[in-house]
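Visitor: Fold the following for me, if possible:
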Amino acid sequence: MVSFFRSLRGQLSATIISVLALGLGLLLLMAGTQMARMTLESFTHEQQVTALLLANTFSETMEQPQAEQIMALWSSHRDQWRRELPSDTNLSIFDMSGKLLTSSAAGDVVLTVSLPVLLAGDVVSNRNGERLTTAVPVHNEERGTLGVLQIDSSLAPMRAQLWDRWLALIGVTVATLLLILVITLWLAAQMTRPLAELRGVAEQMSEGRMDARVEIDDSVSELASLGAMFNHMAGRVETMIQEQRDFVANASHELRAPLAAMKLRAEILASNKVSDEQARTYASEINEEISQMAGLVSDLLQLSRAESGVFSPPERPLSVADELALCVRSARLRATARGQQITVEIAAHIPDAFITPSDMAIMVGNLLDNAIKYSPEGGAIRLCADWCDDQLEIVVSDNGIGIPPEDIPRVNERFFRVDRAHTRSVPGSGLGLALVTAVAHQYGGELQMSSSGVPGEGTQARLSLAAGLVQSRVIAG
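Guide: Numbering: from 1, shown residues only. This is a model prediction of the structure:
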């Protein structure tokens with residue numbers, strides 16, 4: 001029971017029931033008060049009507065014999081006169097001086113209303129303890145007021161009737177509350193059911209079922225939106241976990257091959273069964289493998305830093321033109337070794353940018369490195385830079401083998417390499433473009449690749465960096 005009221009369903013139900021119970025309680029109090037007032041008014045009215053009917057039976061005089069005659073009439077027609085009045089109703093008749101002429105009550109009876117008020121022609125009713133008294137003047141058209149007729153009745157029957165009505169009203173209220181309780185519990189269950197499903201799917205995902213999804217019911221738009229967002233988040237989580245698994249598998253594969261080669265060569269060297277020249281060759285190959293592994297680890301560390309979300313723009317800007325020239329100078333040696341020509345076109349109006357030199361070297365260096373590796377010997381590589389629409393745009397294009405159109409959406413993924421027979425011998429880990437994309441995102445930019453996939457038409461890499469993080473700062477003074 002305690003756990004139910006601590007749940008959202010229980011708290012929602014308790015809140016609705018409490019508010020409705022308070023409202024019904026106030027309505028019950030108002031209706032009961034109105035009912036009690038109307039019941040008393042009805043009882044008083046019946047007594048007044050009976051008194052007036054009896055008063056109209058008097059003739060021209062109101063002497064003792066006639067009063068006794070009226071009293072006899074009252075007694076003989078008891079059932080008729082007292083049909084709407086309690087059985088202990090008493091009738092008393094007084095003369096003009098207030099003297100009691102006759103009464104059906106045992107003991108002394110006094111007039112409870114002042115004579116001046118009655119002689120003015122008013123019908124007066126008042127409560128005296130647990131009895132209701134009504135006094136009416138007896139009139140004659142020729143002789144005027146002859147005396148006073150008084151009826152008094154116990155209020156106990158009226159109170160019993162009122163109590164029965166109160167019980168009926170309370171019963172209806174309780175039945176209404178029970179019906180509202182059932183409806184509220186049903187509504188609360190319907191409203192919280194999607195949340196329970198969300199919890200169930202979250203538990204399934206925590207147990208490893210990453211493909212679990214919530215069935216979206218659009219009966220409540222807010223909950224439907226929540227379910228859609230949860231499914232979207234679950235899809236992202238599943239994708240991220242799968243990328244992690246692929247990353248571990250690919251990293252293991254990239255490290256396993258050089259380690260196996262190094263181990264084999266180290267074992268041969270340890271056996272002392274090779275010549276000095278062969279030993280030097282194995283040592284040189286081990287050194288190359290170590291250099292490749294160091295480069296792979298360095299790329300992984302840079303990629304992890306770029307994707308961590310922790311980024312602080314540099315305090316000082318750099319000259320974009322100068323930094324691009326350094327990147328081209330570093331790549332030109334490798335291009336020259338393959339007989340390739342690098343053409344550079346840098347616009348003169350490019351402002352200084354707040355980019356760290358290492359990040360610029362990573363982005364432009366990897367793009368130039370890819371162009372060199374996948375272009376044929378004697379190929380042409382072109383680098384263009386411009387400031388357009390408040391963005392720094394750097395374009396690297398080549399006339400190499402190109403990228404199949406179906407592979408373009410995946411070239412920015414970690415460890416992805418185009419599966420072509422003539423590209424398998426090209427060294428690399430498949431982290432270059434993923435690293436460029438991650439670093440560009442730090443500066444609010446993006447990398448777009450385009451290629452027809454036809455060998456010789458090459459590939460174009462367009463790097464765009466947003467103005468908000470790249471534009472120059474003007475220091476006053």
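
Visitor: and L431, what is it in contact with?
Guide: Residues in contact with L431 (Cβ atoms under 8 Å, 6 or more residues apart in numbering) are 296, 299-300, 303, 414-415. Every residue, glycine included, has its C-beta placed from N, CA and C.

Visitor: should've said G402
Guide: Applying Cβ under 8 Å, 6+ apart to G402 gives the contacts 451-459.

Visitor: go with 6 Å
Guide: When contacts are counted by Cβ atoms under 6 Å, 6 or more residues apart in numbering, G402 touches 451, 453-454, 457-459.

Visitor: Read off the pLDDT value for it.
Guide: G402 is assigned a predicted lDDT (pLDDT) of 88.

Visitor: now swap in the one 10 residues further on and tell me
Guide: On pLDDT, N412 comes in at 80.

Visitor: Now it: closest residue in space that isn't a chain neighbour?
Guide: Leaving aside its sequence neighbours, N412 sits nearest to T437 (Cβ to Cβ, 6 or more residues apart in numbering; 4.6 Å).

Visitor: Can you verify the one you found is assigned to a helix?
Guide: Yes: checked against DSSP: H, G, I helix; E, B strand; the rest coil, T437 lies within a helix.

Visitor: pretty sure it is in contact with E446, am I right?
Guide: No: using Cβ atoms under 6 Å as the test, T437 is too far from E446 to be in contact (7.5 Å).

Visitor: Those two: which is more packed in?
Guide: Relative neighbour count places T437 above the other of T437 and E446, with 24 against 14, counting by other Cβ atoms under 10 Å.

Visitor: Relative to D352, how far out is the more buried one?
Guide: Distance, T437 to D352, by Cβ to Cβ, to the nearest Å: 24 Å.

Visitor: Quick check: chain neighbours aside, which residue is closest to T343?
Guide: In space, T343 comes closest to R382 once its chain neighbours are excluded; the distance is 4.6 Å by Cβ to Cβ, 6+ apart.

Visitor: Using the three-state scheme, assign that neighbour.
Guide: strand.

Visitor: Burial check on it, number of neighbours?
Guide: As a burial measure, R382 scores 17 neighbours (other Cβ under 10 Å).

Visitor: One more: Q292?
Guide: By other Cβ under 10 Å, 17 other residues sit near Q292.

Visitor: and the helix or strand harbouring it, what does it pack onto?
Guide: Per DSSP states H and E, Q292 falls inside helix 276-307. On a contact count with 3 or more Cβ pairs under 6 Å, 6 or more residues apart in numbering; DSSP states H and E, helix 276-307 meets helix 221-271, helix 432-442.

Visitor: Reformat those helices as CSV; add mean pLDDT and distance to E289.
Guide: Shown next, in CSV, are those (pLDDT from 0 to 100; distance: least, Cβ to Cβ, whole Å):
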stretch, mean pLDDT, distance to E289
helix 221-271, 79, 4
helix 432-442, 87, 19
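
Visitor: Buried ones in the helix holding Q292, by neighbour count?
Guide: 282, 286, 289, 292-293, 296, 299-300, 302-303, 306-307 (16 or more other Cβ atoms under 10 Å).

Visitor: Of these, which is the nearest to T112?
Guide: Closest approach to T112 among those (Cβ to Cβ): E307, at 98.0 Å.

Visitor: Just the pLDDT for the closest one.
Guide: The model reports E307 with a pLDDT of 70.

Visitor: I'd assumed T437 was in contact with it.
Guide: No: judged on Cβ under 6 Å, E307 makes no contact with T437 at a distance of 9.6 Å.

Visitor: So, low pLDDT: which residues of this structure?
Guide: When residues are selected by pLDDT under 70, those of the chain lie in 1-9, 57-85, 216-220, 253-254, 308-309, 419-429, 467-477.

Visitor: could you show me where the strands are in it, in order?
Guide: Secondary structure of the chain by DSSP state E: the strands cover 90-94, 100-103, 124-128, 131-140, 144-154, 341-346, 380-388, 391-398, 446-451, 459-465.

Visitor: List the contacts of the longest one.
Guide: With contacts defined as Cβ under 6 Å, 6+ apart, strand 144-154 is touched by 47, 51, 54-55, 62, 85-86, 88-96, 118-119, 131-140.

Visitor: before we move on, what about the third one?
Guide: Residues lying outside strand 124-128 but in contact with it, judged by Cβ under 6 Å, 6+ apart, are 44, 113, 117, 133-135.

Visitor: Redo those as TSV? Include neighbour count and distance to G432.
Guide: Output for those, formatted as TSV (neighbours: other Cβ atoms under 10 Å; distance: Cβ to Cβ, whole Å):
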residue	neighbour count	distance to G432
T44	17	101
V113	21	112
V117	13	112
T133	20	109
T134	24	108
A135	26	113
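
Visitor: Could you identify the most distant pair in those?
Guide: Pairwise distances across the contacts of strand 124-128 peak at 16.4 Å for T44 and V117 (criterion: Cβ to Cβ).

Visitor: so who does V136 touch?
Guide: If you count contacts by Cβ under 6 Å, 6+ apart, then V136 has 51-52, 55, 123, 149 around it.
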